[in-house]
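1. The sequence isn't on hand, but the structure is:
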C-alpha cells in the first residue's frame, strides 16, 4: 500500500510555487546546480550538506554551536545572521525524513524533508509543497547567500511603533468607554423591565423613572457582583450590547460556538472596552481585547477534539504526572518544577470573570472540569477538610517553597473563602517551619518563601478589588512575613495597553498598598504581537506599578491557531524591540528589592527608569510553556512541513531547577500551527505593514533569557536537604 506521504510526493506544485521556486534558484545558482545534477534526493541532500558545512566551518564558534559542543546564551549571541541560516539548513538535512505526530492535524504524521521537496519540484514539478513552504525556503537561502540581511530598528523607530498604540488611560478612550457604558446600561434596563433578564439581587424598586433607573444602574456598575450577574452568555445579547456592530461572519461563528457548547461569558465592564465605532486615533487598538471575546473558526472546528497541551495536567491516581511528580489530586494540584506547585481551589476560584478565547485550559472546559456553572464544581468532601489535605502535600514535600493559588481565578474567591485559603497556607507554612526545628542541617525541608495569586480580575473586573478584599491580603502578609515568607505576588494577564483603565489602575494601587507586588504575564497573541504593542504594554504597566514577568507564546494546537503568533516572532520581539528596555546590570539589585517596598512601587519604577534612561523595564522573559517540561525559548528549527509550518525542537531552560525525571525526557518537538507566511497575512489584515516584520523569516534559533534576580528565590540560612520527595518513575 502506497503511503500518504509517498502519494504527496507525486502531487504537482502550484503556479505560485513554481514562481517562488524560480526566484529561489535565481538567488542561489549553487543550489540550482546541485538540484539539477543530483540523480536522486539523497544526492541532493549530500550536495547541499557539503556546500553549507564547508561555509559554516569558516566560523568556528558557529560550527561548534551547530554540533552542540558549545551551548548557552553566550554562545548563541556570537552567532551572526548567516550562521542562523547555515545551521537551519544543516538541521533540516540531519532530520530529513523524520516523522512527527502532529496534534494540529489530529495526530497524523508530519514529515520534514525540505531539500527533497525542492529537488522534486525542480526535476518533476511535484512534491506538493505549498507557496508558504517555498517562500520560507526563498528567505532561508537568501539569508545564507547574503542577499537577505537584518537591519536592527533604531530606538526612534521603536518608539514610533510604540506611540501608535493608545492606552485605556487616554482621556479620549475614557470618553468612548463612558459612551459604551451608557449604551450597555440602557439595553440592560430594557431587558430587566421586559423580564428578559432577571436577578434576585439587582431589582428596580417600583415606580422608578428611567433616569432613576439609570443612576441606580450606575451605582451597581461599581459592584463586581453586578457584572457577574449580568455577564453575557449568548451571541445575540453580545451583539445587542455592542450596538449590533458584529459582522455576519463573526455572528455565524458565535452561533456555531453556542451550538457546540463552548462556554461564553463576558461581563459588561470588559465588554465596554470594545469599540463599536472605530476611532480615527486608535484604529485596531482594541483587537487584542476583541479576539479574546470573539471566538475563531479554528476553535469551533477543534472543540470536542482538543487534546491537553499540559501533559502534566493529565493525572492518574497513584501514578506520576509527565514531570514525574506524584500528586494528591487530579484536579487541584499541578506541578512540574521542584520548588513550586499550583493549587486550584474548589471554590468560586474555579471560575473566571470571563473566558479567554485562547485559554490554556480550554481542554478542561471541553471535558467539563471547568465551566461557569458552579453547582458542577462542588467538591465531594467538605472544602476545609480537602484544603488541609491538599496543603499537607506542600507541608511534607522537601523542595516546595512557592505556592501559586490560581484556577480559574484566585480573585473570584469570596473574601471569606480567600481568607480561609490564606489562613490554611499560613498554618501549613508554620507547621513546616516548626518541623524543621527538629531536623539537622542538611536534612531540613524547604520552607515557604513565596505566595502567589493568579488572576485576571485586575483586567476583567477591577471592581472586585475593594478595601475589604485587600485587607485580607494585607493581614495575611503581615503575619506570614513573620514566618519568613519573603514575597507576596499577584500574577495577572494584561494583553493590551487598552486594558489599562482608571479602574485597573486603582485596583493595582490597592494591591500595592497592601504590600503585594503585581506582575504581568503577557500572552503574545497575534494581535498583541504587532510591532511596538508589547513594548507599549510594558511601559504602561510600569507606569501604574506592575512589573513584567513573562511574555508567553500562545499554547495549544490548531484550536488556538488564530491567536497564535509564531515563536519566531517572539524571538524577533525580544531581540529587536524589548532590547530598548534592557536593564543595565548595575540596577538589578535595586529592582530585586522592589517587592520589599510594594507600597511605593510606582515611584521606585519611575525613578529607576529615569536614572537608566529606559522607556520601560524589560524584566520579563519571552518563553513558551512546554508540555511536561516547563518554560523555555531554547530551540532549533529542525524541520518544516509542506505547508510551511516550522518544526521546532526545544530543550530545557538550563537556568532553573527541574524534576530529576524531566532530565531523562526526550527533547520536546513543537509543530507550529501556522506558517510564517500565514501569520504575516493575518497581520496585514489587521492593517500592519508586513515590511516592518521582514526579519522574522531569519529567526530560527532561540535561547532562553536569564531570569532576573528579582524573580529568584531568596537563600535559606540553613542547608537544605538533597532529598526529593513525591517523585515517581515515569513509565
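-> Structure's in. What do you need? None of the values given here were measured: they were computed from a predicted structure. Residues are numbered from 1 along each chain as shown.

2. mind giving me the domain split of the protein?
-> Annotated domains of the chain cover 4-155, 171-302 [automatic domain parsing].

3. quick one: the helices in the stretch 601-731 of the chain?
-> Along the stretch 601-731 of the chain, counting by DSSP state H, counting those that start in this stretch, helices occupy 601-612, 676-685.

4. Please identify the most buried of those.
-> Counting by mean count of other CB atoms under 10 Å, helix 676-685 has the highest mean neighbour count of the helices of the stretch 601-731 of the chain, with a mean of 18. To be clear about C-beta, it is placed using only N, CA and C from the backbone, and glycine gets the same treatment.

5. which other residues reach that one?
-> Counting by CB atoms under 8 Å, 6 or more residues apart in numbering, helix 676-685 makes contact with 131-132, 135-136, 526, 529-530, 562, 564-566, 568-569, 644, 646, 674, 690, 693, 696-697, all of which sit outside it.

6. residue ranges with poor pLDDT in the chain?
-> 1-6, 312-313, 369, 371, 373-381, 730-731 (pLDDT under 70).

7. what sits up against the longest helix anywhere in it?
-> Ranked by residue count and defined by DSSP state H, the top helix of the chain is helix 171-194. The contact list for helix 171-194 (CB under 8 Å, 6+ apart) reads 166-168, 197-199, 202-204, 210, 213-214, 217-218, 221, 230, 237, 240-241, 243, 268, 271-276, 279, 281-282, 285, 498, 501-502.

8. Using JSON lines, lay out the helices of the stretch 601-731 of the chain together with distance to residue 84.
-> Listed next are these as JSON lines, based on distance: least, CB to CB, whole Å:
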{"stretch": "helix 601-612", "distance to residue 84": "30"}
{"stretch": "helix 676-685", "distance to residue 84": "14"}
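
9. And those: which comes nearest residue 149?
-> Smallest distance to residue 149 across the helices of the stretch 601-731 of the chain (CB to CB): 17.6 Å, for helix 676-685.

10. At which residues are the helices of the stretch 1-150 of the chain located?
-> 4-9, 15-27, 29-37, 41-56, 60-67, 73-76, 81-94, 114-124, 131-145.

11. Would you mind pulling the contact partners of the shortest one?
-> For helix 73-76, the external contacting residues (CB under 8 Å, 6+ apart) are 61, 64-65, 701, 703-706.

12. Tabulate these (CSV), appending distance to residue 720.
-> Shown next, in CSV, are those (distance: CB to CB, whole Å):
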residue, distance to residue 720
61, 37
64, 36
65, 35
701, 35
703, 29
704, 25
705, 26
706, 23
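
13. wait, what's in contact with residue 166?
-> The contact partners of residue 166, by CB under 8 Å, 6+ apart, come to 172-173, 281-282, 285, 497-498.

14. ok, 6 Å please
-> Residue 166 makes contact with 173, 282, 285, according to CB atoms under 6 Å, 6 or more residues apart in numbering.

15. Relative to residue 367, which of the contacts of helix 73-76 is nearest.
-> Taking CB to CB as the measure, residue 704 is the one of the contacts of helix 73-76 closest to residue 367, at 31.7 Å.

16. tally of neighbours for that closest one?
-> 24 (other CB atoms under 10 Å).

17. Would you agree it is in contact with residue 653?
-> Yes - at 4.6 Å, residue 704 counts as touching residue 653 under the criterion of CB atoms under 6 Å.

18. what about residue 569, distance to residue 498?
-> 20 Å (CB to CB, to the nearest Å).

19. between the two, who's got more neighbours?
-> Remark: of residue 569 and residue 498, residue 498 carries more neighbours, 29 against 24, as counted by other CB under 10 Å.

20. so is that one in a helix, a strand, or just coil?
-> Taking DSSP: H, G, I helix; E, B strand; the rest coil as the rule, one finds residue 498 in the helix state.

21. hang on, it packs against residue 285?
-> Yes - if you go by CB under 6 Å, residue 498 and residue 285 touch, sitting 5.4 Å apart.

22. And residue 522, which helix or strand is it part of?
-> Secondary-structure assignment from DSSP states H and E places residue 522 in strand 517-524.

23. which residues touch that strand?
-> Residues from elsewhere that reach strand 517-524, judged by CB under 6 Å, 6+ apart: 489-494, 508, 511, 541, 546-553, 565, 570, 595, 598.

24. thinking again about what came up before, can you put the domains of the chain in a markdown table and add distance to residue 338 and mean neighbour count?
-> Below are the domains of the chain laid out as a markdown table (distance: least, CB to CB, whole Å; neighbours: other CB atoms under 10 Å):
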| stretch | distance to residue 338 | mean neighbour count |
| --- | --- | --- |
| domain 4-155 | 22 | 18 |
| domain 171-302 | 33 | 17 |
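
25. Run through the helices of the stretch 451-600 of the chain in chain order.
-> Under DSSP H, counting those that start in this stretch, the stretch 451-600 of the chain gives helices at 457-460, 467-481, 502-513, 533-543, 567-572, 588-592.

26. And these: which comes nearest residue 106?
-> Of all these, the one in closest proximity to residue 106, counting by CB to CB, is helix 567-572 (22.2 Å).

27. so how far is the closest one off the chain centroid?
-> 13 Å (CA atoms, centre = their mean, to the nearest Å).

28. ditto for stretch 720-731
-> For stretch 720-731, the distance to the chain centre is 29 Å (CA atoms, centre = their mean).

29. Tell me the buried residues in that stretch?
-> Buried residues in stretch 720-731, counted by 16 or more other CB atoms under 10 Å: 720-721, 726-727, 730.

30. So which of the contacts of helix 73-76 is the closest to residue 116?
-> Checking these one by one against residue 116 (CB to CB), the nearest turns out to be residue 701, at 22.8 Å.

31. For the closest one, list the residues it contacts.
-> Counting by CB under 6 Å, 6+ apart, residue 701 has contacts 84, 636.

32. If we use 7 Å, what do you get?
-> Going by CB atoms under 7 Å, 6 or more residues apart in numbering, residue 701 touches 76, 84, 87, 636.

33. Listing partners with orientation, what would you give for the strand holding residue 522?
-> strand 487-492 (parallel), strand 546-553 (parallel) (DSSP bridges).

34. nearest to residue 430, of those strands?
-> strand 487-492 (16.2 Å).

35. Run the chain-centre distance for that closest one.
-> 17 Å.

36. what's it in contact with?
-> Contacts of strand 487-492 (CB under 7 Å, 6+ apart): 449-456, 458-459, 477, 511, 515-521, 549, 595.

37. That concludes my questions; thank you for your assistance.
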